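[1] give me the fold of what follows.
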Amino acid sequence: MAALLPSASVLQLTIKGKLGDCRLAQFQQYKPCVVKSMCAAKFQKKKVWVWTEKKEVMTAAVERGWNTFIFPHHFRELAADWSSIALLYPLFIEEGGLFDGEHKKIAAFFEISSPEQLEKLQPLDEQADNVVINLLDWQVIPAENIVAAIQGTQKTVFAVSKTSSEAQTFFEALEQGLGGVVLKTEDVESIFELKDYLERRNEEGSVLELTKARVTNVEMVGMGDRVCVDICSIMKPGEGLLVGSFARGLFLVHSECLESNYISSRPFRVNAGPVHAYVAIPGGKTSYLSELKAGKEVIVVDENGRQRIAIVGRVKIETRQLILVEAKRDEDKETSYSILLQNAETVALVSSPGDGNQRRAIPVTSLKLGDEILLRVQGGARHTGIEIQEFILEK
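    Here you go, the predicted structure:
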């Protein structure tokens with residue numbers, strides 16, 4: 001907790017416990033302080049160990065690349081049986097920690113049953129690089145307390161989770177989360193769900209390939225139902241959502257984070273287009289704008305292609321005047337890409353960086369033929385938002 005309360009004076013005692021050594025810290029003085037989040041940790045690869053007695057769960061975990069398994073010390077026969085059919089790295093719970101088959105200590109192991117125990121816990125075992133904490137009475141706040149207490153440590157701290165949603169909470173607590181979880185489950189679906197979550201999470205910080213396109217047509221087309229997407233995150237200049245009339249090419253529609261003479265900045269909003277349009281969501285998939293609602297996920301992308309996942313907080317559908325924008329790439333004069341957007345000064349497309357272009361966004365009301373904007377080019381055939389290989393003609 002010294003990392004959490006750096007201004008406190010501390011009286012520390014070391015005690016020997018059943019499950020390993022720990023340090024009891026009594027804080028004699030506290031002054032408010034600010035703990036800075038470590039954003040870079042969001043993109044660090046998270047570890048998953050599995051604790052199960054069910055063969056189907058073991059098989060599903062191994063098939064997804066997780067081969068570290070935890071067994072009670074009297075389950076060595078089961079571990080040997082599974083190791084004969086799959087490549088496993090078994091760890092056994094013994095007094096003081098988790099040990100491998102050669103009795104090398106791999107992790108300290110602590111069972112916590114009260115907030116007081118958690119508050120006073122600081123791992124002291126220098127032999128093991130890992131620490132596993134089993135919260136016997138799980139809550140969200142203890143997850144945040146663990147993360148706060150371990151900031152700055154070089155150890156990988158795991159928490160025992162009984163469901164994929166619990167694991168997700170431990171991975172996201174106080175933004176940086178824990179370095180790993182031990183998924184204790186007899187449910188194969190928990191393996192599937194956690195793997196899917198981590199694959200989507202690992203997309204964050206990765207780079208999508210965006211390509212330049214030139215505007216070939218801008219025209220008024222009348223009224224339509226357009227969708228404003230309000231997300232639970234702040235967007236910065238150059239960021240927006242990938243939207244388009246055809247899945248084969250999605251335009252980077254800028255957020256309303258820029259100041260305007262007409263309306264206050266709304267950095268959480270993208271005026272994205274009509275209800276029929278596709279929008280990029282995690283997993284390389286698309287969704288119709290009409291399908292978005294509170295709690296759904298979208299990907300936010302900047303002008304360099306960096307992406308992150310955001311939660312939809314609200315969707316507003318209103319009837320507004322629309323503009324049709326069409327564009328083509330220099331290297332492919334035959335394929336046309338299009339998007340419809342509200343005719344408003346606050347609606348903009350992200351422009352191509354470089355080439356002397358100082359504008360990050362071009363309002364649709366100012367678009368001219370020949371303006372360069374950014375596209376995400378991909379496969380056009382979709383089934384329930386998933387890209388498939390088949391012939392398709394869209395126009």
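
[2] all helices for the stretch 51-200 of the chain, in order.
    Listed in chain order, the helices of the stretch 51-200 of the chain (DSSP state H, counting those that start in this stretch) span 55-63, 76-83, 115-120, 140-150, 164-172, 188-202.

[3] then residue 321 would be within a strand, right?
    Yes. Assessed by DSSP: H, G, I helix; E, B strand; the rest coil, residue 321 belongs to a strand.

[4] pull the CA atoms of stretch 291-304 into CSV?
    Taking Å, rounded to 0.1, in the frame of the first residue of the first chain, the C-alpha atoms of stretch 291-304 are listed here in CSV:
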residue,chain,number,x,y,z
GLU,A,291,-28.0,-2.0,-34.3
LEU,A,292,-25.8,0.0,-31.9
LYS,A,293,-27.1,0.6,-28.4
ALA,A,294,-25.9,1.4,-24.9
GLY,A,295,-23.3,-1.2,-23.9
LYS,A,296,-22.2,-2.2,-27.4
GLU,A,297,-18.6,-1.9,-28.4
VAL,A,298,-17.1,0.1,-31.4
ILE,A,299,-13.5,0.8,-32.4
VAL,A,300,-12.1,4.3,-32.3
VAL,A,301,-9.4,4.9,-34.9
ASP,A,302,-7.1,7.9,-35.4
GLU,A,303,-5.5,9.2,-38.6
ASN,A,304,-2.5,6.9,-38.3
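
[5] now that residue 249 has come up, it's in contact with residue 374, right?
    No. Residue 249 is not in contact with residue 374 according to C-beta atoms under 8 Å; the separation is 10.5 Å. Just so you know, the C-beta spots here come from the backbone N, C-alpha and C atoms, and that holds for glycine as well.

[6] distance check, residue 323 against residue 239.
    22 Å (C-beta to C-beta, to the nearest Å).

[7] more crowded one of these two?
    residue 239 (25 against 18; other C-beta atoms under 10 Å).

[8] ok, how many other residues are close to the spatially closest residue to that one that is not a sequence neighbour?
    Spatial nearest neighbour of residue 239, excluding adjacent residues (C-beta to C-beta, 6 or more residues apart in numbering): residue 302 at 4.7 Å. By other C-beta under 10 Å, the residues close to residue 302 number 22.

[9] which residues touch residue 302?
    Listed by C-beta atoms under 8 Å, 6 or more residues apart in numbering, the contact partners of residue 302 are 236, 238-239.

[10] one more: residue 187?
    residue 57 are the contacts of residue 187 under C-beta under 8 Å, 6+ apart.

[11] which pLDDT value belongs to it?
    Residue 187 is assigned a predicted lDDT (pLDDT) of 94.

[12] swap in residue 308?
    The model's pLDDT for residue 308 equals 90.

[13] and it, how far is that from residue 136?
    35 Å.

[14] which one's more surrounded, those two?
    residue 308 (20 against 10).

[15] give me the low-pLDDT residue ranges for the chain?
    Applying pLDDT under 70 to the chain picks out residues 1-44, 115-127, 137-142, 148-153, 174-175, 203-205, 354-359, 379-395.

[16] which one of residue 249 and residue 374 has more residues nearby?
    Just comparing residue 249 and residue 374: by other C-beta under 10 Å the higher neighbour count belongs to residue 374, 27 against 24.

[17] tell me which residue is most central in the protein.
    Geometric centre of the chain, nearest residue: residue 201, 3.4 Å, by C-alpha atoms, centre = their mean.

[18] right, and that residue touches residue 171 too?
    Yes. Contact criterion C-beta under 8 Å: residue 201 and residue 171 qualify, at 7.3 Å.

[19] shared neighbours of those two, anything?
    Joint contacts of residue 201 and residue 171 (C-beta under 8 Å, 6+ apart) are residue 46.

[20] picking that back up, tell me the contacts of the residue nearest to the centre of the chain?
    46, 171, 309.

[21] just to revisit the earlier point, indicate which one of the helices of the stretch 51-200 of the chain is closest to residue 217.
    helix 188-202 (35.6 Å; C-beta to C-beta).

[22] could you give me the buried positions within whichever helix or strand comes after the closest one?
    Heading C-terminal from helix 188-202, the first helix or strand you meet, by DSSP states H and E, is strand 211-231. By 16 or more other C-beta atoms under 10 Å, the buried positions in strand 211-231 come out as 212-213, 215, 218, 224, 226-229, 231.

[23] of those residues, which is the nearest to residue 340?
    For the buried residues of strand 211-231, the nearest to residue 340 is residue 224 (6.7 Å; C-beta to C-beta).

[24] hmm, residue 324 and the closest one touching each other?
    No. If you go by C-beta under 8 Å, residue 224 and residue 324 don't touch, sitting 10.2 Å apart.

[25] need the overlap of contacts for those two.
    Contacts common to residue 224 and residue 324, judged by C-beta under 8 Å, 6+ apart, are residue 340.

[26] overlap in contacts, residue 249 and residue 374.
    residue 213.

[27] and the end-to-end length of stretch 264-274?
    This stretch, stretch 264-274, spans 23 Å end to end (C-alpha to C-alpha, to the nearest Å).

[28] picking up where we left off before, JSON lines please, covering the buried residues of strand 211-231 and showing distance to residue 260.
    As requested, those are exported to JSON lines (distance: C-beta to C-beta, whole Å):
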{"residue": "212", "distance to residue 260": "26"}
{"residue": "213", "distance to residue 260": "25"}
{"residue": "215", "distance to residue 260": "21"}
{"residue": "218", "distance to residue 260": "20"}
{"residue": "224", "distance to residue 260": "22"}
{"residue": "226", "distance to residue 260": "18"}
{"residue": "227", "distance to residue 260": "20"}
{"residue": "228", "distance to residue 260": "15"}
{"residue": "229", "distance to residue 260": "18"}
{"residue": "231", "distance to residue 260": "19"}
